[in-house]
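Asks: Got a predicted model here, sequence first, then my questions.
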Amino acid sequence: MGARCAGAPLGMLLSQRGYAVELVDQNPIGTDTVSTHWIRWPGVQQLRAWGLVPALEKTGCPPIASASLDFEGRVVTGGPRAAGTEAVTYAPRRTELDALLVAEARAKGARLRELFAVTGLIVVDGRVAGVRGTGPDGPAGLHARVVVGADGRNSTVARLVEAPVLEDRGVLARSLYGYWTGVAERGVRVVFRGRRGISLWPTNCDLTVVSLVFPPEEAPGPGRSALDEFYMSSLTEVPEVGRVLASADLVSQPRSAAVRNARRHAHGPGWVLAGDAGHHKDPVSAQGISDAFADAAVLADALDAGLSGAVGLDEALAGYAATRDAQRLAAFAYTCEQAELRPFTAEFLDDLARTAADERAAEAFVNSFVGCDAPSDAGWLGESH
């Protein structure tokens, strides 16, 4: 279930290995969804391993080769590098990225049912053995050795199997983002002022996605116009951002997101969760797409081992879950800390000023930001609070 950043690559990888895969999604392929857009360096590396970067570039998504990181006026800039070469990242529209991933899955042999809403599970002897749902051709039952819930943070599979919630930190921040035309910058710019963060990322169609992150208690009163006014005023009152957007135009109504920071138990008899269905966190750290790709890669290996009989299926799924947690727990804790948007300490800002003046230190900081280097225990912001 789910044919986006976790489900579609997983379908591609399993189909390549000769398994019969059926992707089902309740939306038409290419439908937009709330997203941070950015694919950090680990995610780009995964796309390269799958041979999909050229296809991504053909969608018109521009490469991002530089970063400007501004913390209360202390600015670190640079071009990230990995193994001595330029580390390019991307921030594609989900309409383009998701359609590309599904096309690759289908090219490898995966079947697809669009507009198919799952309403229940098929359970045999205590194990999930498929799903029941309704699509354009009416009700249907789909039988499978494993049902993968890759259907987002409001996962139907997770609800139907009653997947236990292991940790729930709640909503720690809110965000608004819109698409702008006429922004000249081609790199990423991040600006923190007070308890607000602003990010600019070049995306498809010569547009720039401009995101605002802020504490929930600062949210404006009810009504669409209040939200739009809050978004615009929050951007333009920061001079550095206002200058960048002075000759640009907002071409979309800002979209709103408030993401709970939570993770679920990832597997059970005949079922497993991938991507946001099993683990989702605030977009402030922009790791969702890269995490979904990582889940697809690890889960494909686990399912291959379990379905081929190399190991027991339940054992293989337990191994996937353990790997997922090992990859995510530190980043989950770090993201929750950063999503609180507490003011930066004077010590951190002083250290950052020294970093900005040191070319090697600045490169290391930018590399950590894009994910080229392993972050410290405190994350790429370091001891920021």
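Replies: Okay, I see it. Numbers count the residues shown, from 1 in each chain.

Asks: Show me which parts of stretch 334-345 are buried, residue by residue.
Replies: Tyr334, Thr335, Cys336, Glu337, Gln338, Ala339, Leu341, Phe344 (16 or more other CB atoms under 10 Å). Yep, even glycine has a C-beta here, placed from its N, CA and C like the rest.

Asks: Look up how far Gly268 lies from the fifth one.
Replies: Put plainly, it is Gln338. 32 Å (CB to CB, to the nearest Å).

Asks: can you check the first one too?
Replies: Computed as CB to CB, the Tyr334 to Gly268 distance reads 28 Å.

Asks: Contact partners for Ala140?
Replies: Phe116, Arg132, Gly133, Thr134 (CB atoms under 8 Å, 6 or more residues apart in numbering).

Asks: 10 Å instead, please
Replies: By CB atoms under 10 Å, 6 or more residues apart in numbering, Ala140 lies in contact with Val24, Arg113, Phe116, Gly130, Val131, Arg132, Gly133, Thr134.

Asks: Mind listing the residues bridging to the first one?
Replies: Put plainly, it is Val24. Beta bridges link Val24 to Arg113, judged by DSSP bridges.

Asks: those strands in the stretch 1-150 of the chain, which residues are they?
Replies: For the stretch 1-150 of the chain, the strands defined by DSSP state E, counting those that start in this stretch occupy 22-24, 67-71, 74-78, 81-82, 85-86, 111-113, 117-124, 127-135, 138-143, 147-149.

Asks: mind listing what's buried in the first one?
Replies: Within strand 22-24, the residues that qualify as buried are Glu22, Leu23, Val24, counting by 16+ other CB under 10 Å.

Asks: quick revisit: please identify the deepest-packed of the strands of the stretch 1-150 of the chain.
Replies: strand 147-149 (a mean of 27; mean count of other CB atoms under 10 Å).

Asks: okay, the strands of the stretch 1-150 of the chain in TSV with distance to Asp98 next?
Replies: Formatted as TSV, these follow (distance: least, CB to CB, whole Å):
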stretch	distance to Asp98
strand 22-24	11
strand 67-71	25
strand 74-78	31
strand 81-82	26
strand 85-86	27
strand 111-113	12
strand 117-124	18
strand 127-135	19
strand 138-143	21
strand 147-149	16
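
Asks: For Leu299, find the nearest of those.
Replies: strand 147-149 (7.3 Å; CB to CB).

Asks: now Ser175: how far from Ala67?
Replies: Taking CB to CB, one finds Ser175 at 19 Å from Ala67.

Asks: scratch that, Ala333 is what I was asking about
Replies: 24 Å.

Asks: Quick one: list the elements packing against the longest helix along the chain.
Replies: Taking DSSP state H as the criterion, the chain has its longest helix at helix 313-339. Counting contacts by 3 or more CB pairs under 10 Å, 6 or more residues apart in numbering; DSSP states H and E, helix 313-339 packs against strand 165-171, strand 260-264, strand 267-268, strand 271-273, strand 279-280, helix 288-308.

Asks: What is the neighbour count of the closest residue to Gly30 other than its chain neighbours?
Replies: Using CB to CB, 6 or more residues apart in numbering and skipping residues adjacent in sequence, the residue nearest Gly30 is Ala99, 4.1 Å away. By other CB atoms under 10 Å, the residues close to Ala99 number 19.

Asks: cool, and the one 5 residues further on?
Replies: Glu104 has 21 neighbours, counted by other CB under 10 Å.

Asks: That one and Val53 touch, don't they?
Replies: No: at 12.0 Å, Glu104 does not count as touching Val53 under the criterion of CB atoms under 10 Å.

Asks: could the strands of the stretch 1-150 of the chain be laid out in a markdown table, adding mean pLDDT and distance to Val298?
Replies: Shown next, in a markdown table, are these (pLDDT from 0 to 100; distance: least, CB to CB, whole Å):
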| stretch | mean pLDDT | distance to Val298 |
| --- | --- | --- |
| strand 22-24 | 97 | 19 |
| strand 67-71 | 96 | 28 |
| strand 74-78 | 96 | 31 |
| strand 81-82 | 92 | 21 |
| strand 85-86 | 90 | 26 |
| strand 111-113 | 97 | 23 |
| strand 117-124 | 97 | 24 |
| strand 127-135 | 98 | 20 |
| strand 138-143 | 96 | 24 |
| strand 147-149 | 98 | 12 |
